[in-house]
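Colleague: The amino acid sequence is not available; the structure is as follows:
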């Protein structure tokens, strides 16, 4: 018999004489003549009530249907006599497939997020994490939908790379050398030419540089995959492994890049509101009571665009006392970004044209301003509650300027020969951005810690599961 998912049973339009369900026991309540078992299969937040009559031949199996046990049920879908539910199933067959005893850690009580991280192999069965990962799944689909419907091509950059797109140097080394006794050259340093790839290689921090290659051939492309940063950071916003979405568009300037970023954010939020309403309602009730208002805030209000120079002036003239005072040339901190979105403009803000010294080598250099200060065509999209959610730029398409920027960042041209070739052969203006997928999930769900929106978090000292 074909299995029916709980979400489909709950949305049935008429009773059904025979229905077959499989899932896990959330709760069981026994009475004299029957038992009530709540079955959940992860397809939606709610469970489906199973009524098992004591006269049923299979009734003795109910005694083994403890919380967490896997069961399968055949029965009739009927209108529920209880309040708060439209349908229930009267069992004609009840079987326990996999038992769970009293040591099952997800009993019906409150559990801290810290405890649930310790049982990441079981936490998807909880209401909270079932909701989080259903939203994650839907948002991933919405990412592809957005770009595919706009003629973008999905490309897969390498996970192992010899280049550092950010110039940060905080990368995970990939090696097959014997760490106890590595080969050494005449200078006594480790000889990387003896390694698997014949050179130093790392886990990628970004697929951007490779995306630029494909944008200069296919016009509109995007990447969506894991990226890695070896930052020894234990904040709620940082992880060593996370997923990035990075579109790259040929024949595009900074304005077009900002247009695309704003449209993308709104598409994702509209999609999750439409397709994950039940889960969002749960988050609004138990995680963040302001969630619905904040999502509507971003969807309904037009985004404001503000230059970095204007932003610094606004912050300086705010009259507020800052933990990190800012002057021209300094990075904006989360407190400044949230002030701009939540208090000053009261809407999402895209800040653009940042000081050249703050940004990566590949960003397009602008003409100096009236004070002779150099900026680059970079932008950050800021939203309330989070701050920066997207960072992007127009890329430097001029060979001579790119070479000068690389020299400033002490980058070896030989390592980027192919990147320079893109500027030698049919160079075009192009732009792109990066969206941290987990940051978007945090914004869409109200969940405050990045460790709780990724299945198995990788943070300093933590690589369990």
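Modeller: On my side now, so go ahead. Not measured: the values here are computed from a predicted model.

Colleague: which parts of the lengthiest strand in the chain are buried?
Modeller: Scanning the chain for the longest strand, with DSSP state E as the assignment, gives strand 16-30. For strand 16-30, burial by neighbour count (16 or more other Cβ atoms under 10 Å) applies to 19, 21-28. Yep, even glycine has a C-beta here, placed from its N, CA and C like the rest.

Colleague: Now for residue 463, how many residues are close by?
Modeller: 11 (other Cβ atoms under 10 Å).

Colleague: swap in residue 260?
Modeller: The tally of other residues near residue 260 (other Cβ under 10 Å) stands at 23.

Colleague: thinking it is in contact with residue 249, fair?
Modeller: Yes - contact criterion Cβ atoms under 8 Å: residue 260 and residue 249 qualify, at 6.8 Å.

Colleague: Pull the residues that contact stretch 30-38.
Modeller: Stretch 30-38 is touched from outside by 25-29, 47-55, 59, 62, 65, 71, 94, with contacts defined as Cβ atoms under 8 Å, 6 or more residues apart in numbering.

Colleague: can we see that at 7 Å?
Modeller: Residues from elsewhere that reach stretch 30-38, judged by Cβ atoms under 7 Å, 6 or more residues apart in numbering: 25-29, 47, 49-54, 62, 65.

Colleague: And stretch 333-353, by the same measure?
Modeller: Stretch 333-353 has contacts (Cβ under 7 Å, 6+ apart) with 254, 258, 262, 298, 301-308, 311, 314-315, 318, 320, 322-324, 326, 366, 375, 377-384, 387-388.

Colleague: Next: stretch 129-148.
Modeller: By Cβ under 7 Å, 6+ apart, the surrounding residues in contact with stretch 129-148 are 42, 45, 116, 123-124, 154, 222, 224, 245, 247, 264, 267-268, 271-272, 275-276, 279, 282-283, 440-441, 444-445, 447, 452-453, 455.

Colleague: for the stretch 101-250 of the chain, what spans make up the helices?
Modeller: Ranges of helices within the stretch 101-250 of the chain are 113-118, 127-148, 208-218, based on DSSP state H, counting those that start in this stretch.

Colleague: out of those helices, nearest to residue 234?
Modeller: Shortest distance between residue 234 and those, using Cβ to Cβ, is found for helix 113-118: 13.1 Å.

Colleague: any chance you could map the strands in the stretch 301-450 of the chain?
Modeller: Assigned by DSSP state E, counting those that start in this stretch, the strands in the stretch 301-450 of the chain fall at 304-307, 349-355, 375-383, 387-394, 430-436.

Colleague: mind checking which of the helices of the stretch 101-250 of the chain is nearest residue 3?
Modeller: Nearest to residue 3, of the helices of the stretch 101-250 of the chain and by Cβ to Cβ, is helix 127-148 at 18.2 Å.

Colleague: now the angle between strand 430-436 and the closest one, please.
Modeller: 170 degrees (axes from the mean of the first three to the mean of the last three Cα atoms, to 10 degrees).

Colleague: buried sites along helix 127-148?
Modeller: By 16+ other Cβ under 10 Å, the buried positions in helix 127-148 come out as 127-136, 138-139, 142-143, 146-147.

Colleague: Likewise for stretch 333-353?
Modeller: By neighbour count on 16+ other Cβ under 10 Å, the buried set for stretch 333-353 is 333, 336-342, 344-345, 347-353.

Colleague: mind listing which of those are in helices?
Modeller: Per DSSP state H, helices hold the following members of the buried residues of stretch 333-353: 336-338.

Colleague: which among these gets closest to residue 12?
Modeller: residue 338 (45.0 Å).

Colleague: so where's the stretch 251-400 of the chain shaky on pLDDT?
Modeller: Regions of the stretch 251-400 of the chain meeting the criterion pLDDT under 70 are absent.

Colleague: I'd say residue 262 and residue 304 touch.
Modeller: No - counting by Cβ atoms under 7 Å, residue 304 is not a contact partner of residue 262; they are 10.4 Å apart.

Colleague: any idea how far residue 425 lies from residue 397?
Modeller: 12 Å (Cβ to Cβ, to the nearest Å).

Colleague: Same drill for these two, tell me which one is more crowded.
Modeller: The neighbour count for residue 425 versus residue 397, taken as other Cβ under 10 Å, is higher for residue 397 (19 against 7).

Colleague: what about the nearest residue to that one once chain neighbours are set aside, neighbour count?
Modeller: Counting by Cβ to Cβ, 6 or more residues apart in numbering, residue 427 is the residue found nearest to residue 397 once chain neighbours are left out, at 4.7 Å. Counted by other Cβ under 10 Å, the residues lying close to residue 427 total 16.

Colleague: what does residue 68 give?
Modeller: 20.

Colleague: That one reaches residue 100, doesn't it?
Modeller: Yes - Residue 68 is within contact range of residue 100, at 3.3 Å (criterion: Cβ under 7 Å).

Colleague: Show me the beta-bridge partners of residue 228.
Modeller: residue 241 (DSSP bridges).

Colleague: if I pick it, what's in contact with it?
Modeller: 172, 203-205, 240-241.

Colleague: again, only this time at 10 Å
Modeller: By Cβ atoms under 10 Å, 6 or more residues apart in numbering, residue 228 lies in contact with 159, 170-172, 174, 202-206, 239-242, 458.

Colleague: Narrow those to those in strands?
Modeller: Under the assignment DSSP E, the contacts of residue 228 contribute 174, 202-203, 241-242 to strands.

Colleague: Going by distance to residue 360, which of the residues you listed wins?
Modeller: residue 202 (16.3 Å).

Colleague: Residue 312 and residue 276: what is the separation?
Modeller: Counting by Cβ to Cβ - residue 312 and residue 276 are separated by 38 Å.

Colleague: Tell me which of these two has more neighbours.
Modeller: When neighbours are counted by other Cβ under 10 Å, residue 312 and residue 276 differ, and residue 276 comes out ahead with 24 against 19.

Colleague: which one is that one nearest to, not counting chain neighbours?
Modeller: Nearest non-adjacent residue to residue 276 (Cβ to Cβ, 6+ apart): residue 135, at 5.0 Å.
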